[in-house]
Structures are given as structure tokens and as C-alpha cells.
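# How does the following fold in three dimensions:
(2 chains)
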2 protein chains.
Amino acid sequence: MKILVAEEAGFCFGVKRALKLINEYQRQGKKIQTIGPLIHNIPVLNDLASRGVNYASSLAGIDKEKTLCISTHGLSRDSELRLRRKGIATLDATCPLVKKGQKIIERLGKEGSRVVLVGDKDHPEIIAARSYAAAVTVINSLAEARALPRGREMHVVAQTTLNTEFFKDVIAVLMDKTEKLHVFNTICQATLERQQAVKKLAPKVDALIVIGSKISSNTKKLFQIARERNRNVMQIETCADLQKRRALAKLKKFRTIGISAGASTSPQELDNVKNFLRKL
Amino acid sequence: MKILVAEEAGFCFGVKRALKLINEYQRQGKKIQTIGPLIHNIPVLNDLASRGVNYASSLAGIDKEKTLCISTHGLSRDSELRLRRKGIATLDATCPLVKKGQKIIERLGKEGSRVVLVGDKDHPEIIAARSYAAAVTVINSLAEARALPRGREMHVVAQTTLNTEFFKDVIAVLMDKTEKLHVFNTICQATLERQQAVKKLAPKVDALIVIGSKISSNTKKLFQIARERNRNVMQIETCADLQKRRALAKLKKFRTIGISAGASTSPQELDNVKNFLRKL
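Take a look at the predicted model:
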């Protein structure tokens, strides 16, 4: 069996940075908790929990004795203000590229501009980002884009993990809605590179495995992009998912298997899968 | 034979306005010449010439005793300044929507912005529009869009008669080139409506006739859009083109014929074609 790993896969810059910050704080003897999951990968969250880094689901549940780490997806402006008022020590692990989107929205809000934010309204990144201006409309489908009212001017910002092709389709729809369309392409380079790598790899292999948790937005997009180009795509969280009898029987049929992994999937997990497949 | 005329076809607002201005001036006893053809339709230009309205190809060839009419496509800023310095009386028939594009480019130029102008670099509208800022790059293909260097910010303006689908494809390419893309959708409503009407009509008829001169940019686009949706499309300038033996033999085969016409095609010409087909 031939194993091909996508040219870009696994931990992105923002995830590496967040884990490094937590490690540094722990080395300094500080106790850490996060507000919401730090990243959307269960095995990494389990590993953090085993090292004492748990997460609180809301501000009400935080332990005031610990340093509160803001997740890579960011925190709403209101929540950040409340933490500051309560005098709670924080460690900001918001991905700098997510922060950049927040700053763009904040500036547009101050200018009184109408902002259209393209992304999943229930995702923590979007919940946080939309809080940075008063008039933000969140859309996540072409139908929602088509339903927007016409306007003199429109400013568009994207979730960092959006599918670039989908974002382009949304922009094509919005071009009919206004004469002045300002497009802030805030899709991050890591997302773009992982998507391009999957696009390239998917047609070359008999089957493709995408490693990442179901709750990971960017992993979901990698899976969708792969599925458009290859019939045999499976998403797994850990190597253990491959060891199940049905998965094994399926895998043994293929000559070439490709591997991709979301931005919050650890290099260890990627290695585990690669080594497991090599031994098949 | 059934004849279906596109919902929107023929003279647009800018062309009607230009002809009205000339008529008013002539009623006042003023002698008029235009700089370059007033519009891109030979029969209308011939009609104007028969009423004494000729055109000079360059500023060198103008008759200083006459009022100089600027064509619907506009005039470069330098040429306008030269006319003013020479004290030549002018009548500005620049289409207000073309003028709007010039003003946008002028403002962007003053701000020191990088402008990408999408259109035909040899068309008088683009020659005039690009003169309104120092740093304007004209592109007219996806290959040229792909070849543009990356930049921090990009401002895009369109020729008023551009194919809207093509403009959207160009924007999709440019979204990969910059994080801040400002799209000025300066394609005029008349162009958009005529294109949409042809798109709707072309699949419903056995053949489609597009009336307009070969030099007309917007007519050319209507022809291309029709050709993508119907095999039997012909572009004619006047009804006389249909009276030729080969064209006639071809036409008689069809049960349903559609008619569309460029923005500079007169209602008389459209009626001529309609009446001619009715009698077949």
C-alpha cells in the first residue's frame, strides 16, 4: 500500500502558538483553564486535560485562582470586558489571524459600515467576531446571500476557515447587490494551503483519510473538498477509528491512500495513522 | 414564423440623452461635430452625418467654428484640458454612467490607490477612463488577471458594457491576489438588463438575431452570450443584411426567431427587422 500525505496538513501556526503559550505558562508554575475548548480537536483537549488544563463552558464556571486562557477562536468583546472588570488574569491565545478579522470588523463598525460576515453563526470564531461591530449580518449559504437586501455599499469578511471556492461564489452573488463591494479575504493561509493540498491529492489516490474532530470547522471543509473529488473519503479522529473491523476491511482494498489533517490535528496523530497504514 | 423581441433591447439612456442633446443644439442653430464617433452604430452615425454632424478622428482635425460634442464613451482628461485651453466650445455627451466610472478612478488616483480597470484597452471608454488616474492597469482576460502581482490592496473598476459573468470570474481570480479587494461594479444597468434578456430569450427560440454594429462593444457581448445558449445566432447591422439570399434561405427554416439589439441600435432599425421577419 502506498501512503501519500497532503503537502500541507495538521497543526497550523495559530494552534502551535496557543499550545506553546500554555506550555510556557505552565513552566512558570501558573495554573491554566480555558474558556471554551482551546481548539476543536478532542485528542489534544484530552491531552491538555491530563495536564490539568480544563475548560469552562461559560464565564460563570471559571476558577478565579487560575489564569484564564482565551481560545484560538477568540472571545466576544463583552465577555473580554467582563473578565477585565472582574480582574481575572487572562492569557490571550486567540489566533492572530482571527484577531485580525476582529480588528477589521471593529474598524468597520466604528465607521458605521454595514458588515456581512460569511461563516457559521454558531461557531465560537463567528460569535466572537460579530460582537466587534453593531451591524453585522452573518450568512453561510448562497441562498442567504441572495436574500440580502441591496445596498449602496457592502463590506464582507470571512471566517478564517471558510472554503475559498464558496467564498468566491458568495462574492459573485453580492456583486449584484451593491455598486461598492469591499472584500476582506480573511481566510487564513493555512486553511487555503490545506484545502489546495487536498484538492491536489484527492484525485490521485484510491481513498483519502481526513484526520480531525467532527467539531472542527476546517476539518469539515477538507472532508467536503475531498468528497467532491474522490468517492472514498473517511474522516477519523484518531488512529483507533481505523482499527475497527469494518474500516480495516475497507482499507485493505485500496492500493494508494492519501492522508490529510485539520489545523488542530497533532503531528503525533498524523504519524500514528501513517505508521498504522504502512503496516497493513 | 413567431417573432420574440428581448425584454430589453436597443437604445439605452446614455445614447438617447446624447442624441437629444445634439438635437437641442441643432434646434438652437448651432453647428456640431463630434470627437470620435458619438456612439458605435454605423446607421445612426450615417443619419447624423446626413444632418451635418460629422466626426473628427483627432483634436487636430476639428473645425473650431463648430461646437465639439464629446462622445458617449468620454474623452481623456488631457484632451479635455487641451480643448479648454484652446477655448473650444464643447457639448459633453459622455454617458453619465461612464462619467461616474471616470470620477471613481479620479478619486482613487487622488488617494494614491492602485486601480485595475477591466475592459478593452483600445475602446474609447477605457482610453478615456484610464486617463483619470496615474496608476491604472487595464486587463481584459482571466490570464491577465492571473498575471497581476499580489498586493496589499486592490481597487477594481469595470467597463460599463462588460459581461457581468466575466467580471465575476475576474473578481474570483483577484480575490487570491489581495486581502483587501474593493469592487466598483460600474457595469451599467442597461448592459445588465440587455444581457439578462438575451440569456432568457436565447434558449427559447430556434434562432436569434442581434442587431448592432461590429464596432459596438456591448453588441459583441450580447452576441457572445446568445452564442453560448443557441447555435443559430447572427449579428446584423441593418435589415438589409437579412435580405441577402443566403441569410433568407437560412431564416425561412426557423419557426421562432428572437431579436436583441445593442444599446446604440435605433428603435427604427429594430422595427425594420421585426416587420421584415413578420412578412417572411
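
# Phi, psi for A:A147 please.
As for A:A147, its main-chain torsions (degrees, to the nearest 10) stand at phi -80, psi -10.

# Now do the contacts for it.
Taking C-beta atoms under 8 Å, 6 or more residues apart in numbering or on different chains as the definition of contact, A:A147 has no neighbours. (C-beta placed from N, C-alpha, C; glycine too.)

# interface residues of the stretch 151-280 of chain A facing chain B?
When proximity is defined by C-beta under 8 Å from any C-beta of the partner chain, the stretch 151-280 of chain A lies next to chain B at A:164, A:167-168, A:171-172, A:175-176, A:178-186.

# List buried residues within those.
A:164, A:167-168, A:171-172, A:175, A:178-179, A:181-186 (16 or more other C-beta atoms under 10 Å in any protein chain shown).

# Among the residues you listed, name the ones in helices.
Using DSSP state H, the subset of those located in helices is A:T164, A:F167, A:K168, A:I171, A:A172.

# Excluding residues flanking it in the chain, which one is nearest A:E193?
Of all residues not flanking A:E193 in the chain, A:E8 sits nearest, at 4.0 Å (C-beta to C-beta, 6 or more residues apart in numbering or on different chains).

# same deal with A:R51?
A:Q26 (7.0 Å).

# Check A:N54 too.
Nearest to A:N54 is A:Q33, by C-beta to C-beta, 6+ apart, at 5.6 Å.

# Let me see the backbone angles for that neighbour.
phi -130, psi 160.

# can you map out the strands along the stretch 151-280 of chain A?
Assigned by DSSP state E, counting those that start in this stretch, the stretch 151-280 of chain A shows strands spanning A:153-158, A:180-184, A:207-211, A:233-236, A:256-261.

# wait, which of those is closest to B:I236?
Across the strands of the stretch 151-280 of chain A, B:I236 has its closest neighbour in strand A:180-184 (37.0 Å, C-beta to C-beta).

# Contacts for that closest one, please.
Under C-beta under 8 Å, 6+ apart, the answer for strand A:180-184 is A:101, A:104, A:152-158, A:171, A:174-175, B:171, B:175, B:179-185.

# Next up, identify which helix or strand A:E65 is on.
If you go by DSSP states H and E, A:E65 is not part of any helix or strand.

# what's the answer for A:L91, then?
strand A:90-92.

# Is chain B within reach of whichever helix or strand comes after that strand?
Using DSSP H and E, the helix or strand that follows strand A:90-92 in sequence is helix A:96-110. No: counting by C-beta under 8 Å from any C-beta, no contacts exist between helix A:96-110 and chain B, the nearest distance being 8.9 Å.

# For the closest residue to A:S76 other than its chain neighbours, give me the pLDDT.
Distance criterion C-beta to C-beta, 6+ apart; nearest residue to A:S76, sequence neighbours excluded, is A:S131 at 3.8 Å. With respect to pLDDT, A:S131 scores 98.

# Next, the contact list for A:S131, please.
With C-beta under 8 Å, 6+ apart, A:S131 has these contacts: A:S76, A:R77, A:D78.

# Could you do A:C12 as well?
Here A:C12 is in contact with A:C95, A:C188, A:A190, A:T191, A:R194, A:A263, A:S264 (C-beta under 8 Å, 6+ apart).

# Mind picking the two most distant members of those residues?
A:C95 and A:R194 (14.4 Å).

# Mind checking which of those two has more residues around it?
Between A:C95 and A:R194, counted using other C-beta atoms under 10 Å in any protein chain shown, the more crowded position is A:R194 (28 against 24).

# Isn't that one up against A:S264?
No: using C-beta atoms under 8 Å, A:R194 makes no contact with A:S264, being 11.2 Å away.

# returning to that earlier point: tally of neighbours for the residue nearest to A:R51?
So A:Q26, with other C-beta under 10 Å, has 16 neighbours.

# Give me the packing partners of the helix or strand in which it is found, helices and strands only.
Using DSSP H and E, A:Q26 maps to helix A:13-27. Helix A:13-27 sits against strand A:32-35, strand A:67-70, strand A:90-92, helix A:96-110, with contacts defined as 3 or more C-beta pairs under 8 Å, 6 or more residues apart in numbering or on different chains; DSSP states H and E.

# What are the buried residues along that helix?
A:G14, A:V15, A:R17, A:A18, A:L19, A:L21, A:I22, A:Y25, A:Q26.

# Of these, which pair is most distant in space?
A:G14 and A:Q26 (19.0 Å).

# Stretch A:44-63 spans what distance, first to last residue?
21 Å (C-alpha to C-alpha, to the nearest Å).

# Need the residues that contact that stretch.
Residues contacting stretch A:44-63 (C-beta under 8 Å, 6+ apart): A:19, A:22, A:26, A:31-39, A:68-69, A:71, A:79, A:82-83, A:88, A:264-266.

# again, only using 6 Å
Here stretch A:44-63 makes contact (C-beta atoms under 6 Å, 6 or more residues apart in numbering or on different chains) with A:I32, A:Q33, A:T34, A:I35, A:P37, A:L68, A:S266.

# Can you lay out the contacts of A:S131 as a markdown table showing distance to A:N140?
Listed next are these as a markdown table, based on distance: C-beta to C-beta, whole Å:
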| residue | distance to A:N140 |
| --- | --- |
| A:S76 | 18 |
| A:R77 | 22 |
| A:D78 | 23 |
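
# between these, which is closest to A:L222?
For the contacts of A:S131, the nearest to A:L222 is A:S76 (27.1 Å; C-beta to C-beta).

# What about that closest one, how many residues nearby?
Neighbour tally, A:S76, other C-beta under 10 Å: 16.

# mind checking how far it is from chain B?
To chain B, A:S76 is 24 Å away according to C-beta to the nearest C-beta, to the nearest Å.
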